[in-house]
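# Sequence and computational prediction follow.
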Amino acid sequence: MSEIRLMKGNEAIAEAAIRAGCDAYFGYPITPQSEVMEYLMAERPEKRTGMIVLQAESEVAAINMVFGAAAAGKRVMTSSSSPGISLKLEGISYIAGADLPCVILNVARGGPGLGTIQPAQSDYFQAVKGGGHGDYHMLVLAPASVQEMADHMPLAFDLAFKYRTPVMILSDGVIGQTMEKVKLFDQMPRSTEVPQWAVCGNAGRKNRIITSLDLDPVKKEQQNLALQAKYQQMRENEVRYEKYLCDDADYLMVAYGASARIAKKSIEYAREKGIKVGLLRPITLFPFPSAVIAELAKKMKGILSVEMSAGQMVEDVLLATRQTPQVPVKHFGRYGGVVHSPEEIFEAFLKHFNLG
Amino acid sequence: MNVNDIIKPENLVYSKTSLMNDRELSYCPGCGHGTANRLVHEVIEEMGIGGETIGVAPVGCAVMLYEFSNLDFVQAAHGRATAVATGLKRVMPDKFVFSYQGDGDLAAIGTGETLHTCNRGENITIIFINNGIYGMTGGQMAPTTLVGMKTSTSPYGRDEKWMGSPIDMTKLVSMLPGTYYVTRQAVHTPSAVRKAKKAIQKAFEVQKNKLGLSFVEIVSNCNSGWKMSPVKANQWMEENMLPYYPLGDLKVDGKLITK
Amino acid sequence: MAKGAIVVDKDKCKGCEVCVGACPQHVIAMQKDVNRKGYHYAYMKNPDACTGCSNCAIVCPDGVITVYRAK
């Protein structure tokens, strides 16, 4: 019988990690996500499931500890927020380049620079377009509730191992800090199986190497082609989204995470005024739900991308709707740490499409 | 008795360890890396732990160390080998884990990881090759480059006022309670090699008995970086490197050796 | 005196000469001709003096020397 609790997003995902059979967590304090490690340290999962929790000396050290544990074929994760994720990008590129699975939680905050500790969604490009060096992607999940913070944990591990890839859970300060009711799934056993590619000592077999290096450019190109094939697989099989009131809609909002929650309220305002607006909420940011957006665009008079940023996902919406150039695609968003209100979104919506 | 009578399997006294494959090493002729690589593999073979050992290769001259090894290996980002080793060891506490790093990797970009891995007393073995230069990238100044030493980025000799003095990372880590065995060796003469091998053996024994972190620095030549022949470089090392980086144990059984 | 002998993997020797000075019996010298990589390679110039002490082998960075000693 699954358990129902009232928890912060950061705590729910920490509890979910333990229950998802996570083997190890390596982290570093940074607002607004320190509760993840605090919860894990207080919970002492080593006693519950044997899960290792270690505070590293920096985000750089933490992601490289993740690299080590992932090389051993373990379910391993780290969490941080925007500036910390920037520090981890080299490590993430290595993890992608070495075909290793892991989960990275980013509870995004306002930037750039030290920025602010309030929420933002200005890490979209960093998360979806690679961020680090080289042609790679992370599979990116975007939870919009404390429930999804918990549910995305086992999903992220499964996808990470299915594709041997880093998976990012891109949350934000709102979702991380909000307390909501969450139904927690039952404890899953920690896997004891050592994957074929994992290093663990070459007893009785040929030795295994985990590396992202190849000085032979032709071989490195082959490896890159394999990575791109992996990403194509993800595009074909792993797109996830939520359609909300789209069937009768004349206008569409596209928003993920906290912005999606807020936009639903704006949609209510619009419908009260007889303007039929729907919402397409990407749950995977990579692979982006381009097809469904392209389809919906055919019957829309306008599309508004709502993001707490200067407009990043809007570019992918524009790409997705290039077959319907007649449908205007606009962006609205407070950012830098300000969380837009439903009213502001609604006003911007009216203005952008001359409905005011 | 002519030579062919002697060269018989039953008369074999020394041959290359089976834990290294027969690929040619990428190191320059006469480089201490090759000897150090071999000693680490010999010790692991003699302890019979090859089947439970994972090595972590750095970025630097030894970046392709795994190409010559029959051990499981992980190649780490520059400076991060000890963090990768920490990750490996924490999830596989019963396996043997060692990192093998150069002076740029361990004492420059990886300083944070080095100090904190040692401070946590991770139960791993760190092999640290100090040749006072960045070899792989073509001979640039490293944190352990001696004052006055010419390199491609200190062409007029390292200036202490401009770039500070050479870092003795081994002494630094010996101060941290987490380190159990800390020693400094060399591999340029037969006696030095024999001592270095004993030290590496001791280091892996410390790891085997879960006593804390074992740290073995090996002062080495860098022939192409120093622009000397191997024999001359070893001589130069004795006259210049060893006075600044004196050989011997710095810490045994968790206690500092006070000379 | 124990009788020893060494076998040098001619093509893997890089001609670094570190073994030459390591031999207490001055057995080793460098060949005039070169191996396929263009390195002069080590050989037993005075094979009779070799005692099979392994000094040369253990300092060889490329591990190209195998040592034998007659019982």
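Happy to help now that I have it. Because the structure is a prediction, the values reported are computed rather than measured.

# Skipping adjacent residues, who's closest to the closest residue to chain A within chain C in space?
Going by C-beta to the nearest C-beta, chain A is nearest to C:G63 of chain C, at 17.8 Å. Backbone N, C-alpha and C define where each C-beta goes, glycine included. Excluding the flanking residues, the one nearest C:G63 by C-beta to C-beta, 6 or more residues apart in numbering or on different chains is B:K16, at 4.0 Å.

# from what I can see the one you found touches C:T66, true?
Yes: counting by C-beta atoms under 8 Å, B:K16 does reach C:T66; the two are 7.3 Å apart.

# Okay, buried residues for the least confident helix or strand in chain B by mean pLDDT please.
Counting by mean pLDDT, DSSP states H and E, the weakest-scoring helix or strand in chain B turns out to be helix B:3-6, with a mean of 89. Using 16 or more other C-beta atoms under 10 Å in any protein chain shown as the burial criterion, the residues of helix B:3-6 that qualify are B:V3, B:I6.

# Summarise which helices and strands that helix is packed against.
The contact analysis (3 or more C-beta pairs under 8 Å, 6 or more residues apart in numbering or on different chains; DSSP states H and E) places helix B:3-6 against strand C:4-8.

# so what pLDDT did the residue of chain C closest to chain A get?
We have a pLDDT of 97 for C:G63.

# burial of it, as a residue count?
Neighbourhood size, C:G63 [other C-beta atoms under 10 Å in any protein chain shown]: 24.

# And for the least confident helix or strand of chain B, what's in contact with it?
C:K3, C:G4, C:A5, C:M44, C:P47, C:G52, C:Y68, C:R69, C:A70 (C-beta atoms under 8 Å, 6 or more residues apart in numbering or on different chains).

# Of all pairs in those, which one is the farthest apart?
C:M44 and C:A70 (14.4 Å; C-beta to C-beta).

# how about B:I54, what does it touch?
By C-beta under 8 Å, 6+ apart, the neighbours of B:I54 are A:71-72, A:199-201, B:71-74, B:88, B:92, B:95-97.

# Relative to B:V74, how far out is the residue of the stretch 51-200 of chain B at minimum distance from chain A?
Here the residue of the stretch 51-200 of chain B nearest chain A is B:G87; by C-beta to the nearest C-beta that distance is 2.5 Å. B:G87 sits 9 Å away from B:V74, going by C-beta to C-beta, to the nearest Å.

# between the two, which one's more packed in?
B:G87 (35 against 28).

# isn't the more buried one right next to A:F26, touching?
Yes: counting by C-beta under 8 Å, A:F26 is a contact partner of B:G87 at 6.6 Å.

# which neighbours do the two share?
With C-beta under 8 Å, 6+ apart, B:G87 and A:F26 have common neighbours A:M65, A:V66, A:A69, A:V76.

# So which of those sit within strands?
A:V76 (DSSP state E).

# how about the shared contacts of B:G87 and A:F26 in JSON lines, adding distance to chain C, pLDDT and neighbour count?
Below are the shared contacts of B:G87 and A:F26 laid out as JSON lines (distance: C-beta to the nearest C-beta, whole Å; pLDDT from 0 to 100; neighbours: other C-beta atoms under 10 Å in any protein chain shown):
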{"residue": "A:M65", "distance to chain C": "32", "pLDDT": "98", "neighbour count": "33"}
{"residue": "A:V66", "distance to chain C": "35", "pLDDT": "98", "neighbour count": "31"}
{"residue": "A:A69", "distance to chain C": "33", "pLDDT": "98", "neighbour count": "29"}
{"residue": "A:V76", "distance to chain C": "36", "pLDDT": "98", "neighbour count": "32"}
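
# now, which of the shared contacts of B:G87 and A:F26 sits nearest B:P155?
For the shared contacts of B:G87 and A:F26, the nearest to B:P155 is A:M65 (38.3 Å; C-beta to C-beta).

# How about the contacts made by the closest one?
With contact taken as C-beta under 8 Å, 6+ apart, A:M65 is in contact with A:A24, A:F26, A:L54, A:A56, A:T78, B:A83, B:V84, B:T86, B:G87, B:R90.

# so which helix or strand takes in the third one?
Secondary structure from DSSP states H and E places A:L54 in strand A:52-55.

# Listing partners with orientation, what would you give for that strand?
Strand A:52-55 pairs in its sheet with strand A:24-27 (parallel), by DSSP bridges.

# How far off centre is the partner strand?
17 Å (C-alpha atoms, centre = their mean, to the nearest Å).

# what comes into contact with that strand?
With contact meaning C-beta under 8 Å, 6+ apart, strand A:24-27 is reached by A:17, A:36-37, A:40, A:51-56, A:61-63, A:65-66, A:69, A:74-80, B:87, B:90-91.

# What of stretch A:323-340?
In contact with stretch A:323-340 (C-beta under 8 Å, 6+ apart) are residues A:109-111, A:115-122, A:174, A:258-259, A:262, A:294, A:297-298, A:300-311, A:314, A:317-318, A:321, A:344-345, A:348-349, A:352-353.

# Can you show me the helices along chain B?
If DSSP state H is used as the criterion, the helices of chain B fall at B:3-6, B:32-46, B:81-91, B:103-104, B:111-119, B:160-163, B:169-174, B:190-208, B:223-226, B:230-236, B:242-244.

# Which of the helices or strands spans the spatially closest residue to A:Y244 that is not a sequence neighbour?
What sits nearest to A:Y244 in space, not counting adjacent residues and going by C-beta to C-beta, 6+ apart, is A:L279, at 4.1 Å. Using DSSP H and E, A:L279 sits within strand A:277-282.

# And that strand, what does it pack against?
Counting by 3+ C-beta pairs under 8 Å, 6+ apart, strand A:277-282 packs on strand A:241-244, strand A:251-254, helix A:257-272, helix A:290-297.

# still on that earlier bit, nearest to chain C among the contacts of B:I54?
B:L71 (15.4 Å).

# Contact partners for the closest one?
Counted by C-beta under 8 Å, 6+ apart, B:L71 has contacts A:N202, A:N207, B:L19, B:H41, B:I44, B:G50, B:T53, B:I54, B:G55.

# what does A:L279 give?
Neighbouring residues of A:L279 by C-beta under 8 Å, 6+ apart: A:242-246, A:252-255, A:260, A:263-264, A:267.

# repeat for B:R23
Contacts of B:R23 were listed using C-beta under 8 Å, 6+ apart, and they are B:E67, B:F68.

# how close does it sit to C:G63?
Relative to C:G63, B:R23 is positioned 11 Å away (C-beta to C-beta).

# residues contacting C:Q31?
C:H40, C:Y41, C:A42, C:Y43.
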